[in-house]
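Q: heads up, no residue letters with this:
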């Protein structure tokens, strides 16, 4: 009843309600398939609280959740042309390749980010739209660039539910629905951009899959940033277990097969990025806006 009251108050369309709550059935079916009994895992019940309390809604292929920006970085906008640049908070440790230094990583070549904000300029470590930190500091004139998002600010988090391919055109339609849906049904709720943290944003996917595949295309439409993805996040999601044995692991999908072929070759896989953001003012699906914008150096 509480959920229905929220949906009625905000006039949520019945199709959106049905699509949103369909994830309950997915969780039950997953439990039945893996454990041989009806049920829901405790962590999944906790996640479904977002669906049942009106904090999350399913639009076409993606789900959008009222949340706060989670990453230790700030996003700046150019006042004249709207370009975006992410800057790491000071004190972040990065590897030589610009990815987050994780516990157990080789510290040879590691370095620390800097960020100084004055009335005259913002100077520090930039995050490239392709998903890595730039070691050489950049200076942004304060009269030309303004901060628009920092950690803790209100955003819409993307959740990518299991259940079919992450179709490129369906994702486009999901984003297209966002302004009208949230502006019309939640005009009182502020959100500054759309963001996500997921193994699906691992840049090694661009090496494993053809550039025409859904995931590489999606990654190139958003501004990627590094979050320190673990080595097991990708195989764990693809095969539900780690370590993966190429001789016995399933090869049911093109993605699984590509991963296993690479694993069997012995060629290293460098996991990168994992986070992304997108401003609806920059939305131009297919234009790769962030990758193609002029950088301020």
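A: Cool, the structure landed. Just so we're clear, the structure is a prediction, and the values are computed from it rather than from any experiment.

Q: C-alpha only now, for contacts and for neighbours.
A: OK.

Q: Find the centremost residue of this structure, please.
A: residue 196 (2.6 Å; Cα atoms, centre = their mean).

Q: For that one, name its beta-bridge partners.
A: Per DSSP bridges, the residues bridged to residue 196 are residue 276.

Q: The residue lying closest to residue 275 once chain neighbours are set aside and residue 209: what is the separation?
A: Leaving out its chain neighbours, the residue that sits closest to residue 275 by Cα to Cα, 6 or more residues apart in numbering is residue 197, at 4.3 Å. Per Cα to Cα, to the nearest Å, residue 197 is found 20 Å from residue 209.

Q: cool, residue 169 as well?
A: 18 Å.

Q: Now do the strands in the stretch 151-297 of the chain.
A: 154-159, 194-202, 223-226, 273-278 (DSSP state E, counting those that start in this stretch).

Q: Let me know which of the ones you listed is tucked in deepest.
A: Comparing the strands of the stretch 151-297 of the chain by mean neighbour count (mean count of other Cα atoms under 10 Å), strand 223-226 ranks first with a mean of 29.

Q: quick revisit: now the strands of the stretch 151-297 of the chain in a markdown table, with mean pLDDT and distance to residue 125?
A: Below are those laid out as a markdown table (pLDDT from 0 to 100; distance: least, Cα to Cα, whole Å):
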| stretch | mean pLDDT | distance to residue 125 |
| --- | --- | --- |
| strand 154-159 | 98 | 23 |
| strand 194-202 | 97 | 20 |
| strand 223-226 | 98 | 12 |
| strand 273-278 | 98 | 16 |
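
Q: Out of these, which is closest to residue 137?
A: strand 223-226 (16.4 Å; Cα to Cα).

Q: Wasn't residue 123 part of a helix?
A: No - counting by DSSP: H, G, I helix; E, B strand; the rest coil, residue 123 falls outside a helix, being strand.

Q: beta partners for it?
A: residue 116, residue 139.

Q: was I right about it contacting residue 136?
A: No - between residue 123 and residue 136 there is no contact under Cα atoms under 8 Å: 10.5 Å.

Q: okay, these two: which has more neighbours?
A: The neighbour comparison of residue 123 against residue 136 (other Cα atoms under 10 Å) goes to residue 123, with 18 against 9.

Q: what's the spacing between the more buried one and residue 85?
A: From residue 123 over to residue 85 (counting by Cα to Cα), the distance is 12 Å.

Q: which strands and helices sit next to the top helix by length along the chain?
A: Counting residues, the longest helix found in the chain (DSSP state H) is helix 14-35. With contacts taken as 3 or more Cα pairs under 8 Å, 6 or more residues apart in numbering; DSSP states H and E, helix 14-35 sits against helix 42-52, strand 56-59.

Q: One more pass at 10 Å, please.
A: Judged by 3 or more Cα pairs under 10 Å, 6 or more residues apart in numbering; DSSP states H and E, helix 14-35 is in contact with helix 2-9, helix 42-52, strand 56-59, strand 62-68.

Q: between the helix or strand that the last one is followed by and strand 273-278, how many degrees?
A: The reference is to strand 62-68. Proceeding C-terminally, strand 62-68 gives way to strand 73-78 as the next helix or strand, assigned by DSSP states H and E. Computed by axes from the mean of the first three to the mean of the last three Cα atoms, to 10 degrees, the angle separating strand 73-78 from strand 273-278 equals 40 degrees.

Q: partner strands of strand 73-78, parallel or antiparallel?
A: Short version: by DSSP bridges, strand 73-78 pairs with strand 84-88 (antiparallel), strand 145-149 (antiparallel).
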